[in-house]
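> quick check, what structure comes out for this input:
(2 chains)
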Amino acid sequence: MASEDSYSFREVEARWQALWADRNAFAVSEDTSRPKYYVLEMFPYPSGRIHMGHVRNYTLGDVVARFRRAQGYNVLHPMGWDAFGLPAENAAIERGVHPAVWTRKNVADMREQFRPMGLSIDWSREFATCDPEYYKHEQKMFLDFLKAGLAYRKESWVNWDPVDLCVLANEQVVDGKGWRSGAPVERRRLDQWFLRITRYAEDLLQGIEELERWPDKVRLMQTNWIGRSVGAQFRFAIEGREDGIDVFTTRPDTLFGASFCAISANHPLAEDLARTNPSVREFITECGRMGTSEADIESAEKKGFDTGLRVFHPFVEGVTLPVYIANFVLMDYGTGALFGCPAHDQRDMEFARKYGLPVKAVVAPKDQDAQAFAAALEASDEAYTGDGVAINSGFLDGLPVAEAKAAAIDRLRELGAGDGVVQYRLRDWGVSRQRYWGCPIPIVKCDCCGMVPVPEDQLPVELPEDVDFSVHGNPLEHHPTWKHTTCPECGKPALRETDTLDTFFESSWYFARFCSPHASDRAFDRTAVDYWLPVDQYVGGVEHAVLHLLYSRFFTRALRDCGYLGVAEPFDGLFTQGMICHETYEVETNGEEPATEAATTEGAATEGSSKWVYPEDVEQRPDGSLIRRTDGKPVIRGRSIKMSKSKNNTVDPNGILESHGADAARLFMLSDVPPERDMDWSAAGIDGASRYLGRLWRLASHPAFDLGAPGTPVPDTLSPAAEALRRQTHRTMAGVTADLEKFRFNSAVARIRELTNAIASLDPATPDGGVVARFALETAVRLFAPMIPHIAEEVWATLGHDTPLVFSPWPVWDEAYLQEETVQLAVQVNGKMRGTVGVPPGSDQDTALAAALALPTVQAQVGDKPLRKVILVPDRIINVIV
RNA sequence: GCCCCUGUGGCGGAACCGGUAGACGCGGCGGACUCAAAAUCCGCUGCCCUUGCGGGCGUGGGAGUUCAAGUCUCCCCGGGGGCACCA
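Predicted coordinates:
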């Protein structure tokens, strides 16, 4: 085939990318004369290689950016690097490369890997979070938070990752294991810096209501994570002691059914008792050992220790309850103490049965006999947690649960014992990390003055470059000189804080930094953030539903309260994309070559005797069976799962960009599967996308019509076939515009393909075919430009246009052409489809009925039976009931 | 265990507010072009009965509401995700 006949994506894509770059097409600045639109994809960690997840993420964002730009918005679409973090340090330990060098190299490599995608990014705003120019502002923020009481230090139990030798936030512990290392987390007591995210618990919760362009799933996850619960807090007086025990409960209505009080092993009272009682000490130690370890979660056995203390029931004079130290009571939720009502709480029931405590029913369902129900419940091992009315409960008797709760709280208040309170599951965010490659915490520890903030004129506290990774542990701690300094207050020798900040700190404000990335004396220029924020469309993976997205929402509020910016919510719209999956392949190794980690596709190889094979090494034979390219060994096809290095089922994006081009990769990413869902990568899919691009190209380069000159007006009156294509073109504009606004990219692609199919099948003899075909084709590429920008530009230019599409407005449709000339009305008889009939749009019932009854298939059903009823939905359906 | 989402041809998926189920694509089958193949183009492609015309069935299963249900309600089953001693 002659080269001029085939579409040469290599040459075309490079040419248009060069033009966009030369014309600075994507650089933006504040412009109050136009509406702004801020599009942001979650910035990447510079691992060194881009992966298909990136390709999908940035393709989705780029479609939005280009679409909004065409619509006339002033679009900000920046890119940066989430550059601090453990992998850099691990590389340093394993390969002796300095984390900074490793990171810089990866950033440079990945920038080059992204380049061939043709993204509409304003690269002049690029930064990496490991730049001191970036993190110095973060240190200032930390100091401002400290002043505002939003940052504080406390000794606390922490989640310790024994592999990464580092503290983890609660959000970073998954199934009792470190989110990165996968190692069972240990409990340790350490001095830590915290951010008071709990101050905003209610506000963060309320704010979720307003996030209408966020997925419900994410809103729900955040709601659950914050975990608001309404109840009562009150104090039990201890028999023979001056102090009391504060407890929190969501069921104050069941107080008459209380049979014990339980406190956490870390409760001050428990620690107090331990000082004099060795067996208490032993029990506490035992609880500490279990902690959040895997074994503990498995067993989940309730254990208690009877302290011998007794507390007075607040409502019933003379009644006392035993006080237990219990392993299931958490110190950092509520007050670290609770009362147990076995009849109406399953966990309390188990505890009561184990330690022979009384079970007293105090709530019974409305419609049941209270005494019989109570007797059955008290003999059972299943607690009743449903609704009902209070029984055996003194002044509460007969009240429904909700009212009983209120009445109990009122009484507690009268007694001066307690009050109604709201509790949150959300904990403060521990931000100290015992690592090198992070932002240093700008604090000096002085023996005389305590924790002293580093004065602002001494910022940034920069990381030392000469660090030794051969010693286990935190290099900042081991550095010979770095941590030794003088106290800013008293001038005596003092030590720097050697912990660094959690890397989620950097990603909690980077979106704001993009508004004024070069501001040096402050984190952001106020006019810039006021203009650009909030982000109008954020795009990323669901895996950040609670971590990054909750921290960022908190940070934005904290920054607002410290005077940095004026908004509460950082992301007005959020889109969470699905994962990229691929089939897995394995060959049996029979011990001849090293097996890969746990390659066990069900029904296939047994553990340890097979090896995962990369898709690119698998070849399909004509009979459909698979073999390994290198040696012809049979390959077993496994199910499709998320692309991951451990399963070798990854496809390298740059290989695809090289072989098929950016437009083909982008088109495949956008076709077929709705973007929020997981998609399967397949060779057939990318080939299909390439084939379509070829067809589109041929449609323009070898048109079946004389397309005439650009700008030729379409006549008002057209032949029926040409008129139909004109109307379809207008309908496509409206449909695609709506699809892009709603992230229905797969549907937008389908619509434009329909339009190009219609152009291709228009009879070349059609009068006015050329001028309408030009109109349809031009519209198709304009609508396609956000998705497959290079070929769209090329076709547009081929059709004779001088102004590139990046500088062209979005097409506008004419409402008058949205309706077809003749509508196909569906005809039902007794609710069953019997055919369709073409009628003019807006036909009334008489016209439609006459046309419908004329159909032979309808006559066969209706015959001479009398019509009982006729239902007409104009232009859609007519249903004749006989 | 609790909460949420989801189930449509061989496959990915479409179907607006209850109104022609299967758009668009992948795959498959048949044909054209070719010495042949690739590429490309054309046609067919939910299932069952029928030579055809035509008819019946069909959106995980069962009931219900309605002139009309993939769409709404209830129950059941399967798949995915989140939380998991939170008092």
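> could you give the number of residues near the nearest residue to A:G334 once chain neighbours are set aside?
Spatially, and ignoring its direct neighbours in sequence, A:G334 is nearest to A:F248 (3.3 Å; CB to CB, 6 or more residues apart in numbering). C-beta coordinates here come from the backbone N, C-alpha and C atoms, glycine included. Neighbour count of A:F248, defined by other CB atoms under 10 Å: 21.
> packing partners for whichever strand or helix holds A:F248?
Per DSSP states H and E: A:F248 is located in strand A:244-249. The elements that strand A:244-249 packs onto, with contact taken as 3 or more CB pairs under 8 Å, 6 or more residues apart in numbering; DSSP states H and E, are strand A:228-237, strand A:260-263, strand A:337-340, strand A:418-424.
> okay if I get the ones you listed as TSV plus mean pLDDT and mean neighbour count?
As requested, the helices and strands packed on strand A:244-249 are arranged in TSV below (pLDDT from 0 to 100; neighbours: other CB atoms under 10 Å):
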stretch	mean pLDDT	mean neighbour count
strand A:228-237	94	19
strand A:260-263	95	26
strand A:337-340	94	27
strand A:418-424	94	16
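> can you read off the pLDDT for the residue nearest to A:G334?
At A:F248, the pLDDT value in this model is 95.
> how about A:R557?
Taking A:R557 on its own, its pLDDT is 97.
> same thing with A:E155?
We note a pLDDT of 85 for A:E155 in this prediction.
> and it, how far is that from RNA strand B?
19 Å (CB to the nearest atom of the strand, to the nearest Å).
> also A:K645?
According to CB to the nearest atom of the strand, A:K645 and RNA strand B sit 18 Å apart.
> repeat for A:M579
Separation of A:M579 from RNA strand B (CB to the nearest atom of the strand) stands at 9 Å.
> how many neighbouring residues does that residue have?
A:M579, neighbours per other CB under 10 Å, totals 17.
> and for A:D410?
13.
> mind checking how far the strand or helix carrying it is from the chain centre?
A:D410 is located in helix A:401-415, with elements delineated by DSSP H and E. Between the centre of helix A:401-415 and the centre of its host chain there is 41 Å, according to CA atoms, centre = their mean, to the nearest Å.
> what does stretch A:530-540 give?
Averaging C-alpha positions (CA atoms, centre = their mean) puts stretch A:530-540 15 Å from its chain's average.
> and it, which residues are buried?
With burial defined by 16 or more other CB atoms under 10 Å, the residues of stretch A:530-540 counted as buried are A:531-540.
> next: stretch A:818-833.
For stretch A:818-833, the neighbour count (16+ other CB under 10 Å) marks A:820, A:823, A:825-829 as buried.
> ok, the residue nearest the centre of chain A to RNA strand B distance?
The geometric centre of chain A, computed from its C-alpha atoms, lies nearest to A:V542 (CA atoms, centre = their mean), at 2.6 Å. Per CB to the nearest atom of the strand, A:V542 is found 7 Å from RNA strand B.
> so what's that residue up against?
A:215, A:217-218, A:576 (CB atoms under 8 Å, 6 or more residues apart in numbering).
> now, which of the residues you listed sits nearest RNA strand B?
RNA strand B lies nearest to A:K217 out of those, by CB to the nearest atom of the strand, at 5.3 Å.
> name the helix or strand for the closest one, please.
Using DSSP H and E, A:K217 sits in helix A:216-226.
> the helix holding A:D410 to strand A:418-424, inter-axis angle?
Counting by axes from the mean of the first three to the mean of the last three CA atoms, to 10 degrees, helix A:401-415 lies at 120 degrees to strand A:418-424.
> quick check, A:Q346 in contact with A:T385.
Yes - applying CB atoms under 8 Å, one finds A:Q346 in contact with A:T385, separated by 7.1 Å.
> any regions of chain A where pLDDT drops low?
Applying pLDDT under 70 to chain A flags the ranges A:1-5, A:170-171, A:175, A:289-300, A:590-609, A:621-624.
> which elements pack onto the longest helix anywhere in it?
Looking across chain A with DSSP state H, the single longest helix is helix A:720-741. If contacts are counted by 3+ CB pairs under 8 Å, 6+ apart, helix A:720-741 sits against helix A:52-70, helix A:745-760, helix A:769-784.
> report all helices and strands that the last one contacts.
Spelled out, it's helix A:769-784. Contact here means 3+ CB pairs under 8 Å, 6+ apart; on that basis helix A:769-784 packs against helix A:683-701, helix A:720-741, helix A:745-760, helix A:789-798.
> do the second one as well
Applying 3+ CB pairs under 8 Å, 6+ apart, one finds that helix A:745-760 makes contact with helix A:662-670, helix A:683-701, helix A:720-741, helix A:769-784.
> from the chain's centroid, how far away is the longest one?
It stands for helix A:720-741. 34 Å.
> equivalent analysis for the shortest one, please.
On the basis of CA atoms, centre = their mean, the separation between the geometric centre of helix A:662-670 and that of its chain is 23 Å.
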